[in-house]
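Asker: Got a predicted structure here, sequence first:
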Amino acid sequence: MRHVLSLFDLSSEEIRRVLEISSDLKSKLNAGNRPGLLEHQVMGLLFEKPSLRTRVSFETLIRQLGGSALFLGEDVGWGKREPLCDFMPILTSYLDVLVIRAKSHQQVVESTEFSKCPIINGLTDVSHPCQALADILTIQELAGGLSDVSIAYLGDANNVTYSLAVACSKLNIPLRIGAPEKYQFDPSFINQLNEAAGSTIISQTSDAVAAATNAAFVYTDVWTSMGQETESKQRLSDLADYQVNQDIMNATRDGAKFLHCLPARRGEEVTSEVIDSPQSAIIQQANNRLHAQKGLVVWLLNEASKDNE
Ligand code: CP
Ligand code: NVA
């Protein structure tokens, strides 16, 4: 059975196929056509952290395709009320697909061992693959393809950056991460991505302007992710020089766009001047969560599952 906990779980061809389905279903939806590709299928959403985009886009997409969704909060007791070897087979025997937003990535990994249906990662402390799929779909739409694109990511190299980096290495999109050394990835992870890509497609620097120079897209995320609140003061001070402001945007190539996974903190990782400017593509990017995840779920349930037969 296939699960999507990270974009390492998909080949480059499979990511391209997911994006192809996403674009096709987006065009169909915009033309008023909602094919019943997941009729009567039930999606569970097991969430340990707050969410607007992930929760609502998953609930909406399954309904648009003829299925339904069940939201499960902390009261079901995942990892708390009974062991995973009891909890997971029972929960997943009711469902066709389960999306989990978790505090611990490791607990999601352990859960797959007992799962009877495919699991999709809806964000963990380590990765956010659904976000990266929507990011790439957005970049593809805005740039008219992926062949002449480069991305600068400024700030904390976190779960969102992790998935973006994996996507970029698999699709050969140059990505420069601008972050203080303490907030960069372990160099071994970058080496692993570059070896898989066959060239130096991902790089890290502590020079924010150098990272942004000539980039087609500038991406940032909050400096304090969910679960890191006690470090907030330290992070504000450590990351202050990595704010995406007009000086940073001035270093980019003409027509560059600004991206953010949201929620954002204006005045911290990005200024209002940038996020509210015509260069900002955040609404299109957030809307693409619906389409990218729709492509992922249709691919996972209707195509990837056939590999097992
Ligand atoms: N970007 C994102 O995952 O948003 P939510 O936390 O609102 O789901
Ligand atoms: N890095 C952020 C992303 C939120 C969508 C967090 O984990 O809180």
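Answerer: On my side now, so go ahead. Ligands and ions are numbered 1, 2, ... in the order given.
Asker: Can you classify the residue nearest to the spatial centre of the chain as helix, strand or coil?
Answerer: Nearest residue to the geometric centre of the chain (Cα atoms, centre = their mean): Gln131, 2.0 Å. Here Gln131 is recorded as helix under DSSP: H, G, I helix; E, B strand; the rest coil.
Asker: can I assume it is in contact with Asn121?
Answerer: No: Gln131 lies out of contact with Asn121 (Cβ atoms under 8 Å); the separation is 10.0 Å. Every residue, glycine included, has its C-beta placed from N, CA and C.
Asker: picking up where we left off before, what's the distance between the residue nearest to the centre of the chain and Ala251?
Answerer: 25 Å (Cβ to Cβ, to the nearest Å).
Asker: go on, Val99?
Answerer: 38 Å.
Asker: what secondary structure does Ala165 sit in?
Answerer: Ala165 ends up helix, using three-state DSSP.
Asker: Show me what the biggest helix by length in the chain is in contact with.
Answerer: Ranked by residue count, the top helix of the chain under DSSP state H comes out as helix 12-30. The contact list for helix 12-30 (Cβ atoms under 8 Å, 6 or more residues apart in numbering) reads 7, 10, 34-35, 64, 133, 136-137, 140, 167, 170-171, 288, 291-292, 294-296, 298-299, 303-304.
Asker: Make a PyMOL selection of whichever of the residues you listed turn out to be buried.
Answerer: Under the burial definition 16 or more other Cβ atoms under 10 Å, those of the contacts of helix 12-30 that qualify are selected in PyMOL by:
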select buried, resi 7+10+64+133+136+137+140+167+170+171+288+291+292+294+295+296+298+299+304
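Asker: count of residues packed around the closest residue to ligand 1 within the stretch 151-300 of the chain?
Answerer: Nearest residue of the stretch 151-300 of the chain to ligand 1, counting by Cβ to the nearest ligand atom: Cys261, 4.0 Å away. A count of neighbours around Cys261, defined by other Cβ atoms under 10 Å, yields 27.
Asker: what does Pro50 give?
Answerer: The tally of other residues near Pro50 (other Cβ under 10 Å) stands at 10.
Asker: Relative to ligand 2, how far out is it?
Answerer: As judged by Cβ to the nearest ligand atom, to the nearest Å, Pro50 and ligand 2 stand 9 Å apart.
Asker: Could you do Glu229 as well?
Answerer: Here Glu229 is placed at a distance of 10 Å from ligand 2 (Cβ to the nearest ligand atom).
Asker: do the same with Gln284
Answerer: Distance of Gln284 to ligand 2, computed by Cβ to the nearest ligand atom: 17 Å.
Asker: Which pLDDT value goes with that residue?
Answerer: Note on Gln284: pLDDT of 98.
Asker: Check the one 3 residues further on too.
Answerer: Predicted confidence (pLDDT) for Asn287: 98.
Asker: Strands of this protein, start to end?
Answerer: Assignment of strands within the chain using DSSP state E yields the ranges 42-47, 68-72, 97-101, 119-121, 151-154, 175-178, 202-205, 217-220, 257-260.
Asker: how about those in CSV, adding distance to ligand 2?
Answerer: Shown next, in CSV, are those (distance: least, Cβ to the nearest ligand atom, whole Å):
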stretch, distance to ligand 2
strand 42-47, 12
strand 68-72, 17
strand 97-101, 9
strand 119-121, 12
strand 151-154, 12
strand 175-178, 14
strand 202-205, 18
strand 217-220, 10
strand 257-260, 10
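Asker: Tell me which of the ones you listed sits most buried.
Answerer: For the strands of the chain, average neighbour numbers computed from mean count of other Cβ atoms under 10 Å are highest in strand 151-154, which has a mean of 28.
Asker: quick one: contacts for the spatially closest residue to Ser22 that is not a sequence neighbour?
Answerer: The shortest distance from Ser22 to any non-neighbouring residue, by Cβ to Cβ, 6 or more residues apart in numbering, is to Gly295 (3.0 Å). Gly295 makes contacts with 18-25, 133, 137, as judged by Cβ under 8 Å, 6+ apart.
Asker: any idea what sits nearest the residue of the stretch 1-150 of the chain at minimum distance from ligand 2, other than its immediate chain neighbours?
Answerer: Going by Cβ to the nearest ligand atom, ligand 2 is nearest to Leu123 of the stretch 1-150 of the chain, at 5.9 Å. Nearest non-adjacent residue to Leu123, counting by Cβ to Cβ, 6+ apart: Arg101, 4.8 Å away.
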